[in-house]
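K.L.:
next input, structure requested:
(3 chains)
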Amino acid sequence: MSTDAFTMEMLDVWKRPEPPAQQVETGFFTDTTLCIGCKACEVACKQWNQLPGDGFHWTGNSYDNTVSLSATTWRHVAFVEQFPLDGGGNSHAPRWLMMSDVCKHCVQAPCQEACPTGSLIYNEFGNVYVQQDICNGCAYCVVACPFGVLDRNREDGKAHKCTLCYDRQKDGMTPACAKSCPTESIQFGPIEVLRERARKRVEELHGRGETDAYLYGAEASGEYSALNAFFLLKDRPDVYNLPEAPRRPVARMRSNYLSSFAAAVGLAVISAFCFAKGDK
Amino acid sequence: MPGLGTSLGRGAATSFQEDLQNSDCILFMGSNMAEAHPVGFRFPMKARERGAELIHVDPHFTRTSAMCQQYVPIRAGSDIAFLGGLINYVLKNERWFPEYVKAFTNATTIITEDYKDAEDLDGIFSGFDPEKKSYDQKGPSWNYEGEGRMHKTETPPEIKVESFSQRLSALENPVPPSDPELKHPRCVMNILRRHYARYTPEMVAITCGCTAEDFLRVAEKLCANSGRDRTTAIVYALGWTQHSTGVQMIRAAGILQLLLGNIGRPGGGIMAMRGHASIQGSTDVPTLYDLLPGYIPQPAAMRDHGSLEDFLKQEEVRHGYWANMPKFMVSLLKAWYGAAGTKENDWGYGWLPRLDGNYSQLPTFIRMAEGKVKGLFLFGQNPAAGGPNAKLHREGMRQLDWLVVRDWFEIESACYWYKGPEGIDPKTIPTEIFFMPAASSPEKDGTLTNTQRLLQWHDKAVDPQEDCRSDLWFLFDLGKRLKRLYAGSELLRDQGLLNLTWNYDYDTPPMLPDGRASRLPDEPDAEKVLEEINGYTVADHRPVSGFSELKDDGSTACGCWIYSGVYPREGYNRARERKRSPDNYTSPNWGFAWPRNRRMMYNRASADPEGRPWSERKKYIWWDEATRRWAGVDEPDFEPDKAPSYRPPEGSKGMASISGDSPFIMKPDGKGWLYAPAGTKDGPLPTHYEPVESPVANPLYRQRENPTVELYDCPMNAKSEPMDPDYPVVATTFRLTEHYLSGPMSRFDSWLNELQPAMFIELSPELAEERGIEHGGWMVAWNKRAAIEARAMVTRRVRPLHVEGRTVHQVAIPFHWGFAGETVGDMANDLTSIVADPNVSMHEAKAFVVNVRPGRVEEHRDAPLPAAPWPEYRVAPSVPRSAQPEGQEE
Amino acid sequence: MDRNLFASRERALRNQPFSPNSTEKGPRTRSATVVPSVCPYCAVGCGQLIYVKGGKVIDIEGNPGSPISEGTLCPKGANTFQLSVNPHRIKRVKYRAPYSDHWEDRPLDWAMERIAERVKEVRERDFMERRDRTVLNHLTTVASLGGATMDNEENYLIKKLFNGGLGILPIENQARI
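P.N.:
Numbers count the residues shown, from 1 in each chain, chains lettered A, B, ... in the order given. Model (predicted):
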């Protein structure tokens, strides 16, 4: 890199470019009843983003050998074999659940709240995006994410996760995973359209007698916001390794501060008491 | 593909994948479609979302099973018992489609009284010669009443001639004696009823290891979803073909679909899901020893094929489309030998080699192991890891004088001389080996024929690097060099080569799509080859518009008649056409489907005998009285202006013999063959035989295995005796979505390797407990041929089965590993044996026996290649930094 | 709570610190040469689009135009880029002499000529014109295996050259049934 270019790059850091115009908010609806577990999404993501292979570790955990989302795996297909013992009474029929997991692109994202550098932003599509030219690798976001999505790359030290193919969306292209998905298990589009479609899909499945179908993250619940990448599931969230009630660290900040403060006061009183006693 | 050819006329999937969305029910059997053909599986998923029933019948629960409403586990190799049970259910409960069956099939045809069924002879049919282990092909014993007087020379059983004249039984009378009332005891329908009467639900349960209730649910779903208003499709793949009874499994599916009236109709049909990008093409064009392009038989020394006239007389089919064969044969010879082929020299017919035995892959490698083959060309195939009894294949290759490997990577078949479980000392291998790096698909032009007979052109995007060249270049260049080496020879045997037309150079220097000039101007022009395949008029070298223009007078040349029409005029390559038709789901302008762009074959059957759609819901092709032509969404697979009322006049020949209500135009009687009077070497009706290696007796007949199976007994190909107590476990091989075949196209790729990084074997918790095998631990599977180790995948997706009153365990073994590549593992194909189906020399990898134990195998192990986590370059050229891939900064 | 969240999100979306890279972001395929292709793996026949820039393939993905695949691919199809642009690919002719324990580099032209000579040598020796009085006109000691993964045109030239030209009979691929 020439000196000039280097200077320009240094100056870039201080430039505040004009932000892009707001666009319709987009997201993913992942319908697990349509997932055939082919993992096209995993490879299409690696191909588009040129992510490295993570090494070869056979887990024996059904057909899941990539284990979890990571800095270099941004789509991950979970496999759950449910084969009740013969004569298991009223348990459901044998089934093999498959789900393509991804960054949830939370409407109110703890990672974004935790990021001290402004690297993590909501981009013009409302997607949660790590700006690689800003990230300093502090990893606050890594601990803040209740889904374990964010991860720091050992090579460059920065935090990486699904970008929802920000680059592709800039030209109106569908994200690589959704485009490749052979069975429309992964659907991409304006988030309001997806939420409406998902609600109809659940109704339809209930009408067919599949009453265990429900949406995960389509709406805010408890202390957590809605997700812009939400799921249609057929069993409890923890079966798919998703938290039943994700937590947002900021939401507890006030009570945490209060309890810390109370604890500090308490400790001070106790130690004062001890010291006072020791004086005797 | 005689399984489909014998029943219906052509050896190819009857329909197209997109049409599966119109099915009301789909039976997957012998196919793991969701895993092996995930994108094709979109259409069954669409059908399911529209309310269709999906059923999977398979030895183990796969990702396909997970998508189906019903899964039925069966013992590997018991498929004909299950299908026979379905046929019996349909017949016994009178659930067949009477109008369809009576008009469009040979149900009413009367069979000669010489015929004796397997029911009468306890598992064999009349005409069996126990010495030769084959059926007499000459006699009339399976034929239609009154046929069989027209004697032709016999083809010895060792030749797998896929000759249509033989298969079609070259009928003398295109309207054979029949009984429309189906009362005659020797009419096909009654023979069928008797043959399958004992295939009851209980017998199915005993043989297959499923429950009678599960079986009955399947049968009921198929019947409820067939008829005027509803259609059922059957999807199969290698799970049917790789058996010693594979052809008959497919035949059984044909019988069932004909009885239910599901062939040639939207949402119906039999989808053969083929394995490779152009496996259909390589059968059509073909790279097979016994066929010339377009399913014309290779001349044989032991048939009366001396002159072209003899050949044409021997292979003559008087009735149906094959009556045109002389035109196709002469045009082929003109395409090959050009001006040197004249009427006087039989258009060069004399230069063609003559068959005198079975030169298919398996016997060839056995001969190779005996040192009888000197040189071998490998084009993108990996017998050292993927051949059945791969050990024997490797042994064969070690005997070669020379070997040419054309591939992209150093696959097992390129490094077997210094790697492999045998721990080979290279200094003992005499073979001179040439590794010739091949171009990959983005680096060359050409057509691939997919599983639905669709020819699609792929454009060359960039030049291959360094010494990498297309296979087309290799052959073109080798041909030029050989012609030079033989130049001037007067010997008769060299005239074929010297006269071979060989002009495929570009007329102008080739350009790449981005506007650059190709650095390889000596690559041949693939479009010129396609033009020759399409055919042209000899005088002015203009493309013919289709095979109906071909002549037998030497005025036309055509490399493969069934592909004729793909290049109908200069500059118009229909395989390269990529237009969608918004209101026609058959997409007639996307690629080119043989024959003549018909997307669904036998589609005349989508209308009733009078030419009216069977129902509004299942409308496809119909007779339009106003225009006096067939109309609809597809090209009719019928003469476009032949009225339904047409009846052949006395003495007619060729297509004139086919009546207006006979949809199966490749058959001399125009009918779908429930009963096959010819065309299969192991019987006119599918019959349950046990796999060659099986732990149980045949519950139906005393004749245990296919009486005509070829065993290739030799020390390296040892097999277990029936019910061998040392090997009580049934094994079947299978495919994973994440890998491809023996691994050349997936185990050098980190993005795929990480998804399935190690060889494993699936087994039930019950078997694991019995043998002390732990989930995730090492286990050994062995039989008389080899022992392999793998990680144990203990899963309830594999169930112990109750067969003939006892428990039979099964294991499922993926066949994707070998000793080359980034991930290595033992080879499933070291366990499989060389036995061959009598019709097509197909081996039996889907059902054999092993035993299992915990632990590992002591043998030589090669280290995997160091993983390449990324492709060759990950910074895209000419792209700004802000648009570089996001994955990781350089 | 919901309304608050909504308001804060509105605010958040309006006021984000976009970096220079983010504002300039775009797909690398912008203005690339797009070449239609077909997936080389299985027989489904999915359509592919190959994106070329600077004389190199930079991306391979599904072709939305294809009636079969409509832009989708399976994991193998999605891997086609790595299959083609792969550091394990062998790009020079490799030659192994009889009884040798290593590969050697040889020029392409030399190897082609040598192969042609070896074919001729076997053919001269083993070609069978007839057995007794039966015409055979064939060569059975040279075999060719493969074709199912290759283009029709390539299959055609194998059959034409080896069978129609040289008289070789053992020409096979996997497509037996």
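
K.L.:
quick check: bridge partners of the nearest residue to residue C:146 once chain neighbours are set aside?
P.N.:
Excluding its sequence neighbours, the residue lying closest to residue C:146 (CB to CB, 6 or more residues apart in numbering or on different chains) is residue B:379, at 3.1 Å. All C-beta atoms are positioned from the backbone trio N, CA, C, and that covers glycine. Beta-bridge partners for residue B:379, by DSSP bridges, are residue B:406, residue C:146.

K.L.:
burial of residue A:208, as a residue count?
P.N.:
Applying other CB atoms under 10 Å in any protein chain shown, we find 11 residues neighbouring residue A:208.

K.L.:
meant to ask about residue B:680, not that
P.N.:
Quick note: residue B:680 (other CB under 10 Å) scores 26 neighbours.

K.L.:
please name the nearest non-neighbouring residue to it.
P.N.:
Nearest non-adjacent residue to residue B:680 (CB to CB, 6+ apart): residue B:6, at 5.4 Å.

K.L.:
against residue B:681, how distant is that neighbour?
P.N.:
Distance from residue B:6 to residue B:681, counting by CB to CB, to the nearest Å: 10 Å.

K.L.:
equivalent analysis for residue B:343, please.
P.N.:
36 Å.

K.L.:
same thing with residue B:645?
P.N.:
Going from residue B:645 to residue B:681 by CB to CB gives 38 Å.

K.L.:
near chain A, which residues of chain C show up?
P.N.:
C:2, C:5, C:8-9, C:12-14, C:16-23, C:25-30, C:59-62, C:64, C:69, C:71-79, C:81-82 (CB under 8 Å from any CB of the partner chain).

K.L.:
in helices, which of these fall?
P.N.:
Counting by DSSP state H, the residues of chain C next to chain A place C:2, C:5, C:8-9, C:12-14, C:20-23, C:75-78, C:81-82 in helices.

K.L.:
please indicate which of these are buried?
P.N.:
Those of those that meet the buried threshold are C:9, C:12-13, C:20-23, C:75-78, C:81-82, by 16 or more other CB atoms under 10 Å in any protein chain shown.

K.L.:
neighbours of the closest residue to residue B:15 other than its chain neighbours, how many?
P.N.:
Among residues not flanking residue B:15 along the chain, residue B:269 sits closest, at 3.5 Å (CB to CB, 6+ apart). Neighbours of residue B:269 under the rule other CB under 10 Å: 29.

K.L.:
contacting residues around the closest residue to chain B within the stretch 1-150 of chain A?
P.N.:
For the stretch 1-150 of chain A, the residue closest to chain B is residue A:53, as judged by CB to the nearest CB, at 2.8 Å. Shown in contact with residue A:53 (CB atoms under 8 Å, 6 or more residues apart in numbering or on different chains): A:46, B:750-751, B:753-754, B:867-870.

K.L.:
between those residues, which is nearest chain C?
P.N.:
For the contacts of residue A:53, the nearest to chain C is residue B:868 (4.4 Å; CB to the nearest CB).

K.L.:
next, count neighbours for that closest one.
P.N.:
18.

K.L.:
that one against residue C:87, yeah?
P.N.:
Yes. If you go by CB atoms under 8 Å, residue B:868 and residue C:87 touch, sitting 4.4 Å apart.

K.L.:
any low-confidence regions in the stretch 1-150 of chain A?
P.N.:
Along the stretch 1-150 of chain A, the model assigns pLDDT under 70 to residues A:1-6, A:8-15, A:86-92.
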